[in-house]
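J.: The following comprises the amino acid sequence and a computationally predicted model.
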Amino acid sequence: MLIPLKDTFNALLGIPTQTEAWYYIIWNYRIPKGLTAILVGGGLALSGLLMQTLFRNPLAGPFVLGISSGASLGVALLLMGASLFSGLLAWEFVNSLSMALVASLGSFLVLVVVVTVASKIKDTMALLIIGLMFGSITSAIVSVLSYFSDSERLQQFVFWSFGSLGNLTWQQLTLLFLIILLGTILSIVAIKPLNTLLLGEHYAQSMGINIKKSRYSIILATGLLAGSITAFAGPIAFVGLAVPHLARQVFDTSNHKILVPAVLICGAILMLLCDILAQLPGSAKVLPINAITSIFGAPVVIWLLVRKRKMVF
């Protein structure tokens with residue numbers, strides 16, 4: 001629906017619009033959706049930066065620890081579990097809030113397991129492999145549930161996996177903001193350890209950094225950011241992997257004092273642009289945000305890498 005620019009400004013200023021529905025659409029759909037895009041883009045980009053620095057791996061993203069897979073498993077159990085467990089889960093209780101709750105629970109359980117494992121092993125790369133294995137296990141369980149599910153529930157799970165920015169109420173948006181704010185604060189506190197980890201754990205230890213404490217802090221921040229975003233907006237790909245590289249190329253630095261705010265801003269801008277592109281002109285249909293982020297975002301990063309001819313890391 002195309003709302004006149006004058007009525008848009010009137011609604012933002014609290015002035016009644018020509019049609020009451022326009023005022024409702026702007027304040028209960030358009031503005032929450034835009035704020036969701038900012039939070040999702042910034043949070044995913046920051047969590048991707050944390051993982052790439054922790055594992056010193058340019059291919060690491062916010063979901064390498066299996067957090068997204070845990071959320072997907074929670075939603076799959078809610079949507080498709082009834083087909084396997086003979087109606088133990090009531091279909092009428094399935095809604096956006098219940099899916100956010102079970103996705104949060106799934107992410108939290110995987111995060112607890114990862115943190116527990118992190119306390120038992122010293123090798124960071126082993127932790128990365130274990131996270132990938134958790135992701136494989138949960139994906140296999142989701143595949144089994146999908147095989148036994150009926151078409152209606154399978155379709156709803158597929159739609160959830162596309163990702164969405166437009167389903168949050170103001171209450172859910174406030175909760176998402178608070179969680180992302182906490183994850184961002186933990187990331188800011190970890191800036192010094194992040195900078196020293198770029199040169200290896202031995203160098204970080206020589207600089208007086210507590211590796212175990214720093215690893216816990218970084219994993220917890222990533223879990224809060226990626227887990228909450230997946231719970232409320234679904235699994236959105238590409239942003240967490242590519243935006244840190246985009247920020248490094250644009251600002252030509254590896255200093256996290258610059259990169260942390262840079263990825264927050266770049267991630268928010270990229271997600272807003274992708275949300276605009278997802279809106280089909282002259283149509284009420286909206287393309288899946290998960291597809292748009294990769295289709296239009298990947299060529300930008302490829303172009304920057306080719307133009308720079310080197311990767312800053």
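T.: That came through, no problem. Everything numeric here is computed off the predicted structure, so don't read it as measured data. Residues are numbered from 1 along each chain as shown.
J.: May I see the buried residues of the host helix or strand of residue 77?
T.: Assigned by DSSP states H and E, residue 77 falls within helix 67-84. Going by neighbour count (16 or more other Cβ atoms under 10 Å), the buried part of helix 67-84 is 67-83. (Glycine included, C-beta is placed from N, CA and C.)
J.: Please name every helix or strand in contact with the very next helix or strand once past it.
T.: Following helix 67-84 in sequence order, the next helix or strand is helix 96-120 (DSSP H and E). On a contact count with 3 or more Cβ pairs under 8 Å, 6 or more residues apart in numbering; DSSP states H and E, helix 96-120 meets helix 67-84, helix 124-148, helix 211-233.
J.: how about those helices, which one is nearest residue 104?
T.: Judged by Cβ to Cβ, the one of the helices and strands packed on helix 96-120 that comes nearest to residue 104 is helix 211-233, at 4.2 Å.
J.: Just the CA trace of the next helix or strand after the closest one, in CSV.
T.: Where DSSP H and E defines the elements, the next helix or strand beyond helix 211-233 is helix 239-251. Output in CSV follows, covering the C-alpha atoms of helix 239-251 (Å, rounded to 0.1, in the frame of the first residue of the first chain):
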residue,chain,number,x,y,z
VAL,A,239,24.7,-10.6,6.8
GLY,A,240,26.7,-12.0,9.6
LEU,A,241,29.3,-13.5,7.3
ALA,A,242,29.7,-10.7,4.8
VAL,A,243,29.2,-7.4,6.6
PRO,A,244,32.4,-7.7,8.7
HIS,A,245,34.4,-8.1,5.5
LEU,A,246,32.5,-5.2,4.0
ALA,A,247,33.4,-3.0,7.0
ARG,A,248,37.0,-4.0,6.9
GLN,A,249,37.2,-3.1,3.2
VAL,A,250,35.5,0.2,3.6
PHE,A,251,37.4,1.4,6.7
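J.: Tell me which other helices or strands helix 239-251 touches.
T.: Secondary-structure packing of helix 239-251 (3+ Cβ pairs under 8 Å, 6+ apart): helix 31-55, helix 256-278, helix 289-308.
J.: Please tabulate those helices in JSON lines, including the columns distance to residue 137.
T.: JSON lines is the format used below for those (distance: least, Cβ to Cβ, whole Å):
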{"stretch": "helix 31-55", "distance to residue 137": "19"}
{"stretch": "helix 256-278", "distance to residue 137": "29"}
{"stretch": "helix 289-308", "distance to residue 137": "22"}
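J.: Sounds good, over and out.
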